[in-house]
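>>> One predicted model, sequence on top.
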Amino acid sequence: MKKIVHLSDLHIGYKNMSDVFEGMIGRLIYLCKPANEYVVVITGDLIDDATKEGQLAEAKSYIETIKKEGFSLLVAPGNHDYGSGNSATDERMKRYKQEIYGDANTKFPRFDPIGGVAFIGLDSMEGEIKKNQGAWADGEIGEEQLEKLDNLLSSQAVANCQYTVVYLHHHPIDESSFFRRVIREFHGLDDAKELKKVLVAHEIDALLFGHNHDGRQWNGNWGIKRAYDAGSSTGKGDTQGPHRVIDLAEPLYTDFDAQL
Ligand SMILES: [Fe+2]
Ligand SMILES: [Fe+2]
């Protein structure tokens, strides 16, 4: 069973985040061998500001380096990937998709069966952009994508896989604290309840996300064994988040946090 390395919120282009990530890539190559036994999942905010020139090209070169080493690599877009964090536009979304996925019109959910694991990536900015609501840091998957997700989770292609992992940028699990309820409108996932409905109707093995830069575990929420927020792996705005190495075939306690 391939192992998953979960990274998030790299914010390449912000302060020294590029240097930090370069160092992380070096240690990833050194520590995670052989590379073809690992799937690196980056849950969004790959870059810090899509309105600035150069950040996307730089991020793309890092991605290519990781892939060239033999790692499988999957990326979900975040709010900073389509704008400055609160200025997502359709045009920037298309540019990001062209650079990162090689197709400006690529559709979500993205389905990648890798080594018996169904990896399903969501775009938690798609609904926001459709409603022209890119003005805050919140996200929305949107009805159309959720319906496709529901169909995909019911499909034979997913049933043929031993495990299912769903990954996205925005933190979907509501903490129900007053503070979180207040800021959800501006920072949370608007259709978290609808996503929950789809995910609890199917059995998934892991839910991976970022955005809040918390780096916490939400295991057991929504009946999902592994639910992880990777934090900011490069340490934007706070201490550097852990990187989790997850082997779905092993018990939960074998998942470990390390610093790349
Ligand atoms: Fe972020
Ligand atoms: Fe974010």
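Looks like it came in fine. For clarity, every value in this text was computed on a predicted model and none was experimentally measured. Numbering: from 1, shown residues only. Ligands and ions are numbered 1, 2, ... in the order given.

>>> Is Lys148 part of a helix or strand, or is it coil?
helix (DSSP: H, G, I helix; E, B strand; the rest coil).

>>> With adjacent residues omitted, what lies nearest to it?
Leaving aside its sequence neighbours, Lys148 sits nearest to Pro109 (Cβ to Cβ, 6 or more residues apart in numbering; 5.7 Å). Backbone N, C-alpha and C define where each C-beta goes, glycine included.

>>> Which pLDDT value belongs to His243?
With respect to pLDDT, His243 has a value of 81.

>>> Bridged to it, which residues?
Taking DSSP bridges, one obtains Ala258 as the residues bridged to His243.

>>> was I right about it contacting Val5?
Yes - His243 lies in contact with Val5 (Cβ atoms under 8 Å); the separation is 5.9 Å.

>>> after the helix or strand hosting Ile63, next one along is what?
Secondary structure from DSSP states H and E places Ile63 in helix 55-68. Note on helix 55-68: by DSSP H and E, the next helix or strand toward the C-terminus is strand 72-75.

>>> In that following strand, which residues are buried?
72-75 (16 or more other Cβ atoms under 10 Å).

>>> ok so, going back, residues in contact with the residue nearest to Lys148?
Residues counted as contacts of Pro109 (Cβ atoms under 8 Å, 6 or more residues apart in numbering) are 120-122, 145, 148-149, 152.

>>> Tell me the one of these nearest Ala201?
Leu149 (10.4 Å; Cβ to Cβ).

>>> Isn't that closest one up against Val198?
Yes - applying Cβ under 8 Å as the test, Leu149 and Val198 come out as touching, 5.6 Å apart.

>>> More neighbours: which of those two?
Taking other Cβ atoms under 10 Å, Leu149 and Val198 do not tie; Leu149 has more neighbours (23 against 19).

>>> Distance check, the nearest residue to that one once chain neighbours are set aside against Lys52.
Of all residues not flanking Leu149 in the chain, Pro109 sits nearest, at 5.1 Å (Cβ to Cβ, 6+ apart). Pro109 sits at a distance of 29 Å from Lys52 (criterion: Cβ to Cβ, to the nearest Å).

>>> Let me see the ranges of the helices in this structure.
17-31, 55-68, 90-101, 126-130, 143-153, 156-159, 178-187, 192-200 (DSSP state H).

>>> okay, the angle between the longest one and helix 55-68?
Spelled out, it's helix 17-31. Put simply, helix 17-31 runs at 0 degrees to helix 55-68, going by axes from the mean of the first three to the mean of the last three Cα atoms, to 10 degrees.

>>> Next: the fifth one.
For helix 143-153 against helix 55-68, the angle between stretch directions is 0 degrees (the same axes, to 10 degrees).

>>> Quick check: pLDDT value at Gly134.
Looking at Gly134, its pLDDT is 76.

>>> For it, which non-adjacent residue is spatially closest?
Ala88 is the one closest to Gly134 (Cβ to Cβ, 6+ apart), at 3.1 Å.

>>> ok, that neighbour to Tyr82 distance?
According to Cβ to Cβ, Ala88 and Tyr82 sit 4 Å apart.

>>> List the contacts of Phe111.
Contacts for Phe111 (Cβ under 8 Å, 6+ apart) come out as 118-120, 152, 157-158.
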